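Visitor: Sequence plus the predicted model coming up.
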Amino acid sequence: MGQFPRHRLSLVLDLKELSIETSIERALSPALDSICVQETGPICITDMLVLVQDSTHWIQIEPLTSTVQGVTMFRHRTPKGSYECTVSGLRWLCERDVILKYHFRNWDPYSQLLKDMQYTQGGPLLDITMELGELEEVHLPHCVCLGTNPSLRNEMKILHVEEHGVSLEEVHEVTRFHAKILHPKFSPIGPILRLLSWDVDVHCELMLYLTVKRETLISRLYLFPWNPSQIQAVEQQEKSHGSSRFLISRPEQSFKLNSSFRLNIPCSTSINPPRIHFIQRDTTPSFFKAIVKMTGVDIEMELFSDDERTVWKEMVSHDEYVTDTRSTSAVSGAGRPAESSLTGSPEQQLRSVRTEFVKRVSGPVLNELLDRLLQHTVINQEEMESVKVIAERTEKARDIIDMVLRKGTESCSRMINLLGELDHCLYTELQINSVGVAT
């Protein structure tokens with residue numbers, strides 16, 4: 001693939017048409033093999049050039065969760081509309097009230113069958129049950145980066161696990177992160193992709209967890225094809241260890257299945273394993289475990305591909321990981337007291353955490369925050385639309401916080417309170433404290 005110029009691509013989305021325009025004045029992240037932007041996850045720019053653009057407004061909602069025999073169950077009750085689960089990425093469209101529940105299933109019992117059929121899993125396997133009503137459409141999340149090979153769209157199918165075997169269903173439409181089917185009938189279902197070769201690009205997920213034990217820092221960097229069920233598995237495992245997750249940037253390109261990667265952390269004393277193979281797994285994803293024998297250093301991380309190209313870099317400062325792990329039992333030996341919340345006006349507090357907010361806030365929280373700021377008249381419709389077309393998460397975050405800062409103390413207080421509702425973990429980490437304005 002050719003190199004893109006260093007200009008920023010922004011999307012102008014309208015109900016009637018979609019255009020892509022370039023702006024020389026606004027810098028773009030350097031283009032590698034592809035460029036990732038934000039939808040509800042990392043999207044390669046090549047996806048946007050060849051696939052159907054989503055034009056429906058998806059209302060993002062949190063599921064009600066419960067645990068049955070160790071399995072996490074998700075449940076939604078929704079009126080007429082178009083919805084997206086913030087945990088699973090599942091989308092659905094209904095014409096009347098519906099109640100649906102679902103959970104992740106393991107692909108492992110079907111791995112040999114898929115291999116015999118010359119297919120591979122393309123996303124999570126979801127066991128969906130309709131308790132009330134029916135769906136007009138369901139959009140199953142997938143991880144395949146189709147932009148680098150548009151013909152792969154024709155090789156995607158939906159696998160149905162039935163009582164006496166499996167069946168395949170044609171996909172009605174493929175968008176950047178979803179496979180759409182109409183009037184679905186449910187059994188355990190998931191997208192699969194025919195393996196014409198191993199030359200398949202997929203979107204990846206990187207998750208970083210750190211544990212501080214006296215003067216030793218233990219990091220675990222998970223690398224795997226994007227899959228919400230795997231994300232859930234990692235979160236559950238690390239929660240049991242009392243580790244702290246750090247929000248990190250994603251690579252600006254998709255990765256090829258079955259490729260391998262090497263991690264370098266200059267200040268580490270050991271990194272195991274030396275390489276990780278980028279493959280689909282149903283067990284907990286592979287991770288690099290690194291040991292750093294002091295806690296007073298910045299942690300620089302660099303990921304190298306098979307051909308020793310740098311495909312990802314990140315830096316976690318000493319102040320950042322000490323602050324974020326201070327409240328956990330693991331840092332009890334670090335000898336530093338917890339800091340109090342920030343003081344000053346809401347405007348002063350918001351300005352003081354601007355850099356960390358931009359670095360840490362997630363794409364889904366930004367989208368919800370925009371809707372809530374509009375609802376509370378902090379911003380108007382035109383301002384919201386001007387931010388929504390910004391593809392890059394960090395730039396979108398900067399525009400939101402700067403827009404609110406310009407509106408004064410009351411607007412800043414509303415944004416801080418809304419952030420506390422939408423992402424209490426980040427709210428706590430930023431140590432902000434706003435009162436006096438109801439949300």
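Guide: That came through, no problem. Numbers count the residues shown, from 1 in each chain.
Visitor: Model confidence score at the residue lying farthest from the centre of the chain, please.
Guide: Going by Cα atoms, centre = their mean, the residue of the chain most distant from its centre is H164, 35.3 Å out. At H164, the model reports a pLDDT of 80.
Visitor: ditto for the one 4 residues further on
Guide: Looking at L168, its pLDDT reads 91.
Visitor: hey, what's the residue lying closest to it once chain neighbours are set aside bridged with?
Guide: Distances taken as Cβ to Cβ, 6 or more residues apart in numbering place K157 nearest to L168, at 4.6 Å, with adjacent residues excluded. Placement of C-beta: from N, CA and C, glycine included. Beta-bridge pairing for K157 (DSSP bridges): E170, I192.
Visitor: Test my guess that K157 contacts Y119.
Guide: Yes: counting by Cβ atoms under 8 Å, Y119 is a contact partner of K157 at 7.3 Å.
Visitor: which residues do those two both contact?
Guide: 192-194 (Cβ atoms under 8 Å, 6 or more residues apart in numbering).
Visitor: Name only those of these that count as buried.
Guide: 192-193 (16 or more other Cβ atoms under 10 Å).
Visitor: Now flag whichever of the shared contacts of K157 and Y119 is closest to L206.
Guide: Proximity of these to L206 was ranked by Cβ to Cβ; the top entry is L193 with 21.9 Å.
Visitor: And the closest one, what's its pLDDT?
Guide: 85.
Visitor: Now do the contacts for it.
Guide: L193 neighbours (Cβ under 8 Å, 6+ apart): 119-122, 142, 144, 152, 155-157, 200.
Visitor: Pull the contacting residues for the nearest residue to D402 once chain neighbours are set aside.
Guide: Once flanking residues are discounted, D402 sits nearest to R354: 7.9 Å by Cβ to Cβ, 6+ apart. By Cβ under 8 Å, 6+ apart, the residues touching R354 are 398, 401-402, 405.
Visitor: Let's see if you can find the most crowded of these.
Guide: I401 (23 neighbours; other Cβ atoms under 10 Å).
Visitor: C145 versus that residue, what's the distance?
Guide: Separation of I401 from C145 (Cβ to Cβ, to the nearest Å) stands at 30 Å.
Visitor: show me where pLDDT drops low in the stretch 251-400 of the chain?
Guide: Filtered on pLDDT under 70, the stretch 251-400 of the chain yields the residue ranges 282, 295, 322-343.
Visitor: run the last query once more with 80
Guide: Applying pLDDT under 80 to the stretch 251-400 of the chain flags residues 252, 281-284, 294-297, 318-344, 391.
Visitor: returning to what we had before: quick one: the residue nearest to D402 and D399, what's the gap?
Guide: Taking Cβ to Cβ, one finds R354 at 12 Å from D399.
Visitor: Then M156?
Guide: To D399, M156 is 35 Å away according to Cβ to Cβ.
Visitor: Those two: which is more packed in?
Guide: M156 (21 against 17).
Visitor: list the contacts for that one?
Guide: 122, 142, 144, 171, 174, 179, 191-194.
Visitor: Try it again at 7 Å.
Guide: By Cβ atoms under 7 Å, 6 or more residues apart in numbering, the contact list for M156 reads 122, 171, 174, 179, 191, 193.
Visitor: now Y222
Guide: The neighbours of Y222, taking Cβ under 7 Å, 6+ apart as the test, are 206-207, 234, 285, 287.
Visitor: circling back: for burial, what's the neighbour tally of the residue nearest to L168?
Guide: So K157, with other Cβ under 10 Å, has 20 neighbours.
Visitor: Could you do D199 as well?
Guide: So D199, with other Cβ under 10 Å, has 12 neighbours.
Visitor: which element is F261 on?
Guide: strand 260-264 (DSSP states H and E).
Visitor: quick one, strands of the stretch 301-439 of the chain?
Guide: Assigned by DSSP state E, counting those that start in this stretch, the stretch 301-439 of the chain shows strands spanning 310-316.
Visitor: Pull the residues that contact the strand or helix carrying L140.
Guide: Assessed by DSSP H and E, L140 sits inside strand 137-141. Contacts to strand 137-141, defined as Cβ under 7 Å, 6+ apart, come from residues 88-93, 123-124, 126, 158, 177-182, 184, 189-191, 228.
Visitor: May I see the buried residues of that strand?
Guide: Buried, per 16+ other Cβ under 10 Å, within strand 137-141: 137-141.
Visitor: Likewise for stretch 350-359?
Guide: So stretch 350-359, judged by 16+ other Cβ under 10 Å, has buried residues 350, 352-353, 356-358.
Visitor: coming back round to it: tell me the one of the contacts of M156 nearest V387?
Guide: So of the contacts of M156, ranked by how close each gets to V387 (Cβ to Cβ), first place is V174, at 27.5 Å.
Visitor: my read: the closest one touches S151, true?
Guide: No: checked against Cβ atoms under 7 Å, the pair V174 and S151 is beyond contact range at 11.5 Å.
Visitor: Could you dump the contacts of L193 into TSV and include distance to M415 and secondary structure?
Guide: Formatted as TSV, these follow (distance: Cβ to Cβ, whole Å; DSSP: H, G, I helix; E, B strand; the rest coil):
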residue	distance to M415	secondary structure
Y119	46	strand
T120	43	strand
Q121	40	strand
G122	38	coil
H142	34	coil
V144	36	strand
L152	41	helix
E155	45	helix
M156	40	strand
K157	44	strand
V200	41	coil
